[in-house]
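Undergrad: Attaching a predicted model along with its sequence, questions to come.
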Amino acid sequence: MLETLVLSDDEIKGLLTMSEVMEAVEFAFREKGLGRVQMPPKIYLFFDKHYGDLRAMPSYLESIEVAAVKVVNAHPKNMERYGLPTVMAIIILVDPRSGFPLAIMSGTTITNMRTGAAGGVAAKYLARKGSKSVGIIGTGAQARMQLAALVEVFRSFDEVKAWDINEKNMKAFKEEMDAKYGHIFKVKAVRSAEEAVRGVDIVVTATPSRAPIVMDEWISAGTHFNCIGADAPGKEELDPRILKRAKIIVDDWEQAAHGGEINVPLSMGVISKRDIWAELGEIIVGKTPGRTSEDEITVFVSTGLAIQDAVTAHLAYKKALERGAGRRIRIVL
């Protein structure tokens, strides 16, 4: 009798560590760089009157026989309206040999962790090796994950600054991060986006903004950006002038052009495809060099890839089987 494993979000939180997810996500980028994945661009339903959207994200990693489909929302006003997270998701892990649903699991923590992991992997290849300072714009769930992944790469920082338009969220972020990382650094809550990003080695932007927040004149040579928030058409967080002087690396060209940090400048003709240096997977496999000087500004455009979900869901599935987590149910047979 074939049964499908069901995993709740709480169960998944107990199964995954950031270091393991980063290893899986880097593998996924590598497989994409080698051309061994199937991953159609994500498709959207827009709930404009509810200030939200829904996305479907299928993928197949051929070399390890892993396939999955994720359905995920983004509703930035969820917490204030309904007490719900901005992002929630369900992932179906499928056996490519038969199409049987091996598992149905929450994708909320998986989405958060794999997105943070992608930022960590990008910084590993693109930020200056001796990076010692971070500026974070937006202090929601993704800010926590991005910082966790950066700590995996750089171990510690001399300075971490954070800013959010919501002072309550910023204060909560500082308190939580100080409790977690206070033995190696403290987070400084600052009064403006400018103060957060001036003079830092790495900038993380993780907001739902539809207008630039970070201005060109604030940015020093050598800065690396992880642009996380712009993940749908019309969203942008950076002054396009930053992109004009930067080496731009995307996770996936089609998705980035449609909904990543570059989507608005592309549509306005400020930049073109010729301004895009490479996909991250191409850098990881050595097809294209990454950072080539200490003074380069590098921008990683993260839109979130279905293959990241698939490998992370597969990791959770394997660990759940080992530990006897979740419950099995008959769904299709």
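TA: Perfect, I can see it now. Numbering: from 1, shown residues only.
Undergrad: give the contact list for the nearest residue to residue 25 once chain neighbours are set aside.
TA: Excluding its sequence neighbours, the residue lying closest to residue 25 (CB to CB, 6 or more residues apart in numbering) is residue 117, at 4.2 Å. Every C-beta, even on glycine, is put in place using the N, C-alpha and C of the backbone. Listed by CB atoms under 8 Å, 6 or more residues apart in numbering, the contact partners of residue 117 are 18, 21-22, 24-26, 145, 149, 308, 312.
Undergrad: Run the chain-centre distance for the strand or helix carrying residue 117.
TA: Assigned by DSSP states H and E, residue 117 falls within helix 108-126. Offset of helix 108-126 from its chain centre (CA atoms, centre = their mean, to the nearest Å): 5 Å.
Undergrad: Could you measure from the closest residue to residue 198 other than its chain neighbours over to residue 241?
TA: Excluding its sequence neighbours, the residue lying closest to residue 198 (CB to CB, 6+ apart) is residue 218, at 5.3 Å. From residue 218 across to residue 241, the span is 11 Å (CB to CB, to the nearest Å).
Undergrad: Which one of those two is surrounded by more residues?
TA: Taking neighbours as other CB atoms under 10 Å, residue 218 and residue 241 compare with residue 218 leading, 20 against 15.
Undergrad: so who does the more buried one touch?
TA: So residue 218 contacts 193-194, 197-198 (CB under 8 Å, 6+ apart).
Undergrad: So, low pLDDT: which residues of the stretch 1-150 of the chain?
TA: Applying pLDDT under 70 to the stretch 1-150 of the chain picks out residues 1.
Undergrad: quick one on the thing from earlier: pLDDT score for the residue nearest to residue 198?
TA: On pLDDT, residue 218 comes in at 98.
Undergrad: ok, residue 79 touching residue 87?
TA: No: applying CB atoms under 8 Å, one finds residue 79 not in contact with residue 87, separated by 10.9 Å.
Undergrad: Neighbour count: the two, which is higher?
TA: More neighbours surround residue 87 than the other of residue 79 and residue 87, with 21 against 14 (other CB under 10 Å).
Undergrad: In three-state terms, label that one for me.
TA: Per DSSP: H, G, I helix; E, B strand; the rest coil, the local secondary structure of residue 87 is coil.
Undergrad: show me what contacts it?
TA: Counted by CB under 8 Å, 6+ apart, residue 87 has contacts 72-74, 108, 111-112, 141.
Undergrad: Could I get the full set of helices for the stretch 1-150 of the chain?
TA: 9-13, 18-33, 78-82, 108-126, 141-154 (DSSP state H, counting those that start in this stretch).
Undergrad: Can you tell me which of the ones you listed is most buried?
TA: Comparing the helices of the stretch 1-150 of the chain by mean neighbour count (mean count of other CB atoms under 10 Å), helix 108-126 ranks first with a mean of 26.
Undergrad: domains for this structure, by residue range?
TA: The chain breaks down by automatic domain parsing into domains covering 4-111+307-329, 123-304.
Undergrad: starting at the chain centroid, how far to stretch 318-328?
TA: 26 Å.
Undergrad: ok, and what's touching that stretch?
TA: 3-8, 11, 14-16, 103, 105.
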